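sequence first, predicted model second:
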Amino acid sequence: MKTAGFKGLAFKRALWAARATTNAEFDRAMKEMGELDVKALEWLSDKPPYQWANDWNYEISCYDGARYTVDLIAHTCSCRKWELSGIPCKHGMSAICAQVLDPVDFVHSCYQVATYTKVYEPCMMPMDGASMWEKTCYIPPLPPDFGKEEGGQKDQGSHQLMKS
């Protein structure tokens with residue numbers, strides 16, 4: 001709100017609409033915002049609730065005192081396990097369960113059955129054995145020539161030290 005030009009303690013108090021738990025509380029807080037400044041109400045109404053209420057960001061506290069930040073929109077966690085594996089980590093699962101959402105929707109698409117079948121959809125036919133290949137007039141390919149390496153043995157100095 002500060003960056004949009006709406007400053008002051010009154011606006012700060014009116015933003016408690018973001019913390020409203022019932023529709024009646026929310027409507028009352030938005031009405032108070034409209035009484036302060038109609039432009040502020042219009043500016044706030046143009047924004048989707050997840051942008052000004054932060055209802056997709058969570059801070060998860062673990063039993064050992066560590067804290068992790070989870071963003072359900074970006075599918076990220078500060079522990080980075082979610083980004084690395086594509087499967088929500090335990091912190092992400094806590095946030096997903098808090099929103100009562102389906103965890104399957106937060107798993108990377110590479111783990112979905114539809115993606116798996118799409119990858120293996122083109123069928124590769126097996127080749128016949130070499131005895132069934134068509135004979136040609138060309139010279140058959142030869143394996144690469146793996147000759148001796150240049151320079152000879154390099155460990156001769158250490159062998160001579162051990163003999164003496």
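Now that the structure is in, tell me what you want to look at. In this text, all values refer to a predicted model and were calculated from it rather than measured experimentally.

can I assume I60 sits in a strand?
Yes - under DSSP: H, G, I helix; E, B strand; the rest coil, I60 falls within a strand.

surely it is in contact with V70?
Yes - between I60 and V70 there is a contact under C-beta atoms under 8 Å: 5.9 Å. All C-beta spots, glycine's among them, are computed from the backbone N, C-alpha and C.

show me where the chain has helices.
With helices called from DSSP state H, the chain shows them at 9-14, 23-36, 38-46, 49-53, 81-85, 90-98, 113-119, 156-163.

mean pLDDT lowest for which of the ones you listed?
Here the lowest mean pLDDT among the helices of the chain goes to helix 49-53, at a mean of 57.

follow-up on the earlier one: which residues do I60 and V70 both contact?
Each of 91, 94-95 lies in contact with both I60 and V70 under the rule C-beta atoms under 8 Å, 6 or more residues apart in numbering.

mind checking which of I60 and V70 has more residues around it?
With neighbours defined as other C-beta atoms under 10 Å, I60 and V70 compare such that V70 has more, 25 against 20.

which ones are touching the more buried one?
Per C-beta under 8 Å, 6+ apart, neighbours of V70: 57-60, 76-78, 91-92, 94-95.

try it again at 7 Å.
Counting by C-beta atoms under 7 Å, 6 or more residues apart in numbering, V70 touches 58, 60, 77, 91-92, 95.

return the member of the residues you listed nearest to D145.
Here the nearest of these to D145, counting by C-beta to C-beta, is C77; it sits at 53.6 Å.

number of residues surrounding the closest one?
For C77, the count of nearby residues is 24 (other C-beta under 10 Å).

was I right about it contacting C89?
Yes - here C77 reaches C89: they are 5.2 Å apart, a contact under C-beta atoms under 7 Å.

what about F26, how many neighbours?
By other C-beta under 10 Å, the residues close to F26 number 16.

what's the separation between it and M33?
11 Å (C-beta to C-beta, to the nearest Å).

G65 now?
38 Å.

just want to know which of those two has more residues nearby.
M33 (25 against 6).
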